[in-house]
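Engineer: Fold the stuff below for me.
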Amino acid sequence: MSNPSAGQSSKSKAGSSQPCETTSFKRKRGVFQKDLQHMMYGFGDDPNPLPETVALVEDIVVEYVSDLAHKAQDIGSKRGKLSVEDFLYLIRKDPPKLNRCTELLSMQEELKQARKAFEVDEEKLASIE
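Structural biologist: Numbers count the residues shown, from 1 in each chain. Just a heads-up that it's a prediction; the model follows:
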């Protein structure tokens with residue numbers, strides 16, 4: 001006969017994927033679950049994916065972003081500060097990511113300029129009245 005407590009512990013270990021054991025911090029799990037569920041659905045998954053699938057995708061995404069940030073920090077530490085160019089340098093060999101990042105950065109700049117113009121227009125209207 002099998003030991004029921006051994007079965008539970010192996011299931012709990014298999015169900016939770018731990019990040020790299022060399023990291024010394026604990027992160028909250030499930031922070032991005034809702035967003036990931038919507039993104040997964042947008043890319044063709046079920047509207048309500050399995051929680052284990054979402055948790056696995058979350059672990060993969062968090063690990064990727066953390067690794068990218070650490071590499072960018074290593075590059076930026078040579079100059080003394082971290083910049084957007086450090087991230088762009090890291091993804092330079094992945095054209096779709098690089099194109100999307102540059103597109104988002106240009107959209108961010110356009111929005112910044114539009115907000116600034118809107119604030120100036122708003123100040124002019126307030127001074128007229």
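Engineer: Regarding this protein, what is its longest helix?
Structural biologist: helix 95-128 (DSSP state H).
Engineer: which secondary structure element contains the spatially most central residue of the chain?
Structural biologist: By CA atoms, centre = their mean, the chain has its centre lying nearest to Val65, at 5.8 Å. According to DSSP states H and E, Val65 maps onto helix 51-77.
Engineer: picking that back up, where does the residue nearest to the centre of the chain sit relative to Asp35, distance-wise?
Structural biologist: The gap separating Val65 from Asp35 is 13 Å, by CB to CB, to the nearest Å. For every residue, glycine as well, the C-beta is placed using N, CA and C.
Engineer: In terms of secondary structure, what does the longest helix of the chain contact?
Structural biologist: helix 84-90 (3 or more CB pairs under 8 Å, 6 or more residues apart in numbering; DSSP states H and E).
Engineer: Tell me how far stretch 32-51 lies from the chain's centre.
Structural biologist: Put simply, stretch 32-51 sits 15 Å off its chain's centre (CA atoms, centre = their mean, to the nearest Å).
Engineer: and it, C-alpha only, in PDB?
Structural biologist: What follows is stretch 32-51, C-alpha atoms only, in PDB (Å, rounded to 0.1, in the frame of the first residue of the first chain):
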ATOM      1  CA  PHE A  32      -0.200  38.500 -12.600                       C
ATOM      2  CA  GLN A  33      -2.700  35.700 -12.900                       C
ATOM      3  CA  LYS A  34      -5.700  37.700 -14.100                       C
ATOM      4  CA  ASP A  35      -3.600  39.600 -16.700                       C
ATOM      5  CA  LEU A  36      -2.000  36.300 -17.900                       C
ATOM      6  CA  GLN A  37      -5.300  34.600 -18.200                       C
ATOM      7  CA  HIS A  38      -6.500  37.400 -20.400                       C
ATOM      8  CA  MET A  39      -3.300  37.400 -22.500                       C
ATOM      9  CA  MET A  40      -3.500  33.600 -22.800                       C
ATOM     10  CA  TYR A  41      -7.100  33.900 -24.000                       C
ATOM     11  CA  GLY A  42      -6.000  36.600 -26.500                       C
ATOM     12  CA  PHE A  43      -3.400  34.200 -27.900                       C
ATOM     13  CA  GLY A  44      -6.000  31.400 -28.400                       C
ATOM     14  CA  ASP A  45      -6.200  29.600 -25.100                       C
ATOM     15  CA  ASP A  46      -9.400  28.700 -23.200                       C
ATOM     16  CA  PRO A  47     -11.200  31.700 -21.500                       C
ATOM     17  CA  ASN A  48     -10.600  30.000 -18.100                       C
ATOM     18  CA  PRO A  49      -7.200  28.200 -18.300                       C
ATOM     19  CA  LEU A  50      -6.100  25.700 -15.700                       C
ATOM     20  CA  PRO A  51      -4.600  27.500 -12.600                       C
END
